[in-house]
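J.: Mind folding the following:
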Amino acid sequence: MGREQWKKVWVGSAGNMVEWFDWFVYATFAVYFADAFFPKGNETANLMNTMGIFAVGFFMRPVGGWLLGRIGDRRGRKAALTLTVTLMSASAILIAVAPTYAVAGYGGVAVLLVARLLQGLSVGGEYAASATYLTEASAPDRRGFASSFQYVSMTAGQLVGLGLQIVLQRTLSDDALHSWGWRIPFIVGAVGAAIVFYLRRSLLETEVYAESGAAADESRGTLRALWAHRREAVLVMALTMGGTVAYYTYTTYLTKFLSSSAGLPKSTASLVSFCALFVFMCVQPLAGILSDRIGRRPLLIMFAVGSTFLTVPIMTMLKHAGTFWPAFGLALLALLIVTGYTSINACVKAELFPTGIRALGVALPYAIANALFGGTAEYVALWFKKAGAESGFYWYVAGCAAVSLVVYLTMRETRDIDLNRGSVAGPAAKTPEGLGKTSPSAL
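T.: Predicted structure coming up:
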């Protein structure tokens, strides 16, 4: 890639990192502030309530996907990227100043809920805006590599959050973290978002969008145009299902699982997640390069096969890991399997749609799938735990991966698709030969 392409990838990724830092610190610090917003009582129940609010944020993602996807298709990728980080900054500030139950009763929960709704709007558009931007900003034979930086930046955001948690765990007492220390990461997130806002204002629009003529098409970014590509939209939802459940299981839920189910100290559980995620982040570009050589489908299939057949034994052994190294090895194995999905899912989805509907086409169906499966993963896990059947969640994750496996086996390859296909003109101009077409069984 040229220097200008690298700049686009870097700035787009930096903003994505801050977005996902703000999104994930809610989950990683939930163990410290869960009791602050609800009456004292059952710790697991309070954590479930807090993660229920986390899940609510996911249900706003389809709204954000529609709104910001429409903006991205009608006004450009840059406009959508700038708006997403503005919303995220506002939500981080709200959480940082939210009053506790002791101060304002359930008023603090209301503030927390509004903040999560804003975060849902923001992230609902951020995924598609960054996926589309990174894919369009790269050379045709490097799209897998360039788009892999979406999960590099997402994971970097989570690593910064985990790293900050580890630092705070070693510098503040447990009482201080539960009392006020959990607010620090949200203040950091708000400042980071303000910096990224400035950087994104200087972004250049992608050439694919600028030269496509999409901006002159009145149907761009509309639900009517998306309906003309409903097969591709359903395909995005189906191929997302297994990947998003597995990803959130081994990232945001892993730390809580290791501390509450496996019995590891919170500091050790955080360190396991940090180290495993660091290696995971580093291998994303390598998998992206591999997909540029052999195609997207082989990596997706490898992920789905591994998740379908190895999730139950990995989670079972993780529960009895006992110490750092066994837990780290198992967590890393799980994340390496998930890499087959995370490294390339952004470009696969972007490659399914023409320019005038690409942002909305990726955003809305992906956000719906995430709301149904990714956002509820932790809540489902805690529900099984509370019911005394925690292993049922392992089978749930494996089952979701099995559904996506069927889709991967029947979908067509997207690696060699030409992104310069112009605007949306209706079903007749839908796709070139072979693009986005699947067998009936995949839909």
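
J.: In contact with the closest residue to residue 202 other than its chain neighbours, which residues are there?
T.: Spatial nearest neighbour of residue 202, excluding adjacent residues (Cβ to Cβ, 6 or more residues apart in numbering): residue 11 at 7.6 Å. Glycine gets a C-beta too; all of them are placed from N, C-alpha and C. Going by Cβ atoms under 8 Å, 6 or more residues apart in numbering, residue 11 touches 199-200, 202-203.

J.: Out of those residues, which end up buried?
T.: Buried members of these, scored by 16 or more other Cβ atoms under 10 Å, are 199-200, 203.

J.: Number of residues surrounding residue 187?
T.: Neighbours of residue 187 under the rule other Cβ atoms under 10 Å: 14.

J.: Name all residues that make contact with it.
T.: For residue 187, the contacting residues are 92, 96, by Cβ under 8 Å, 6+ apart.

J.: So it versus residue 69, what's the distance?
T.: 30 Å (Cβ to Cβ, to the nearest Å).

J.: Quick check: mean pLDDT of the strand or helix carrying residue 314?
T.: Per DSSP states H and E, residue 314 falls inside helix 297-319. Regarding helix 297-319, the rounded mean pLDDT is 98.

J.: From the chain's centroid, how far away is that helix?
T.: 19 Å (Cα atoms, centre = their mean, to the nearest Å).

J.: list the buried ones in that helix?
T.: Result for helix 297-319 [16+ other Cβ under 10 Å]: buried residues 297, 299-308, 311, 314-315, 318-319.

J.: In CSV, could you pull the C-alpha coordinates for that helix?
T.: What follows is helix 297-319, C-alpha atoms only, in CSV (Å, rounded to 0.1, in the frame of the first residue of the first chain):
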residue,chain,number,x,y,z
ARG,A,297,-13.8,-18.9,2.6
PRO,A,298,-11.0,-21.2,3.8
LEU,A,299,-10.3,-19.0,6.8
LEU,A,300,-14.0,-18.7,7.7
ILE,A,301,-14.5,-22.5,7.4
MET,A,302,-11.4,-23.2,9.6
PHE,A,303,-12.9,-20.9,12.3
ALA,A,304,-16.4,-22.5,12.2
VAL,A,305,-15.0,-26.0,12.3
GLY,A,306,-12.7,-25.2,15.2
SER,A,307,-15.5,-23.4,17.2
THR,A,308,-18.1,-26.1,16.5
PHE,A,309,-16.0,-29.0,17.8
LEU,A,310,-13.5,-27.4,20.2
THR,A,311,-15.6,-24.8,22.2
VAL,A,312,-17.0,-27.3,24.7
PRO,A,313,-13.6,-29.0,25.6
ILE,A,314,-11.8,-25.6,25.7
MET,A,315,-14.4,-24.0,28.0
THR,A,316,-14.5,-27.1,30.2
MET,A,317,-10.7,-27.1,30.6
LEU,A,318,-10.7,-23.4,31.2
LYS,A,319,-13.0,-23.8,34.1
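
J.: Report the separation between residue 6 and residue 146.
T.: Distance from residue 6 to residue 146, counting by Cβ to Cβ: 9 Å.

J.: between these two, who's got more neighbours?
T.: Neighbour count, other Cβ under 10 Å: between residue 6 and residue 146, residue 146 has more, with 27 against 13.

J.: Look at that one and give its secondary structure.
T.: Under DSSP: H, G, I helix; E, B strand; the rest coil, residue 146 falls in the helix class.

J.: Contact partners for it?
T.: With Cβ under 8 Å, 6+ apart, residue 146 has these contacts: 1, 5, 9, 134-135, 137-139, 288, 347.

J.: For those, which single residue is the most surrounded?
T.: residue 347 (31 neighbours).

J.: Give me the secondary structure label for it.
T.: Under three-state DSSP, residue 347 falls in the helix class.

J.: How about the contacts made by the closest residue in space to it that isn't next to it in sequence?
T.: Spatial nearest neighbour of residue 347, excluding adjacent residues (Cβ to Cβ, 6+ apart): residue 147 at 3.7 Å. If you count contacts by Cβ under 8 Å, 6+ apart, residue 147 has them with 131, 134-135, 138, 288, 344, 346-347, 350.

J.: Also residue 237?
T.: Taking Cβ under 8 Å, 6+ apart as the criterion, residue 237 is in contact with 365-366, 368-369.

J.: among the residues you listed, which two are most distant?
T.: Pairwise distances across the contacts of residue 237 peak at 7.3 Å for 366 and 368 (criterion: Cβ to Cβ).

J.: Settle it for me: which of these two has more neighbours?
T.: residue 366 (28 against 21).

J.: got the phi/psi numbers for the more buried one?
T.: The phi and psi values for residue 366, taken as degrees, to the nearest 10, are phi -60, psi -40.

J.: And it, how far from residue 154?
T.: Residue 366 sits 13 Å away from residue 154, going by Cβ to Cβ.

J.: As a check, name the ranges of all helices in the stretch 151-300 of the chain.
T.: 174-179, 184-200, 207-212, 223-227, 230-250, 252-260, 266-294, 297-319 (DSSP state H, counting those that start in this stretch).

J.: For the first one, buried residues please.
T.: Going back to what we said before, that points to helix 174-179. Judged by neighbour count using 16+ other Cβ under 10 Å, the buried positions of helix 174-179 are 177-178.

J.: Counting by contacts, list what it packs against.
T.: With contacts defined as 3 or more Cβ pairs under 8 Å, 6 or more residues apart in numbering; DSSP states H and E, the packing partners of helix 174-179 are helix 30-33.

J.: quick one: average pLDDT of the helix it packs on?
T.: Mean per-residue pLDDT for helix 30-33: 80.

J.: could you say what helices and strands it packs with?
T.: Using 3+ Cβ pairs under 8 Å, 6+ apart, helix 30-33 is in contact with helix 43-59, helix 174-179, helix 252-260.

J.: In which helix or strand does the closest residue to residue 77 other than its chain neighbours reside?
T.: In this structure, residue 77 finds its nearest non-sequential neighbour in residue 133, 4.5 Å apart by Cβ to Cβ, 6+ apart. Using DSSP H and E, residue 133 maps to helix 107-136.

J.: buried residues in that helix?
T.: For helix 107-136, a neighbour-count test (16+ other Cβ under 10 Å) marks 108-109, 111-113, 115-136 as buried.

J.: next one: stretch 198-216
T.: Using 16+ other Cβ under 10 Å as the burial criterion, the residues of stretch 198-216 that qualify are 199-200, 203, 205-206, 208-209, 212, 214-215.

J.: Stretch 223-231 now?
T.: Neighbour-count burial for stretch 223-231 flags 225-226, 228-229 (criterion: 16+ other Cβ under 10 Å).

J.: Nearest to residue 57 among those?
T.: Ranked by distance to residue 57 (Cβ to Cβ), those are led by residue 226 at 23.1 Å.

J.: correct me, but that closest one touches residue 362?
T.: No. Assessed by Cβ atoms under 8 Å, residue 226 is found out of contact with residue 362, at 10.4 Å.
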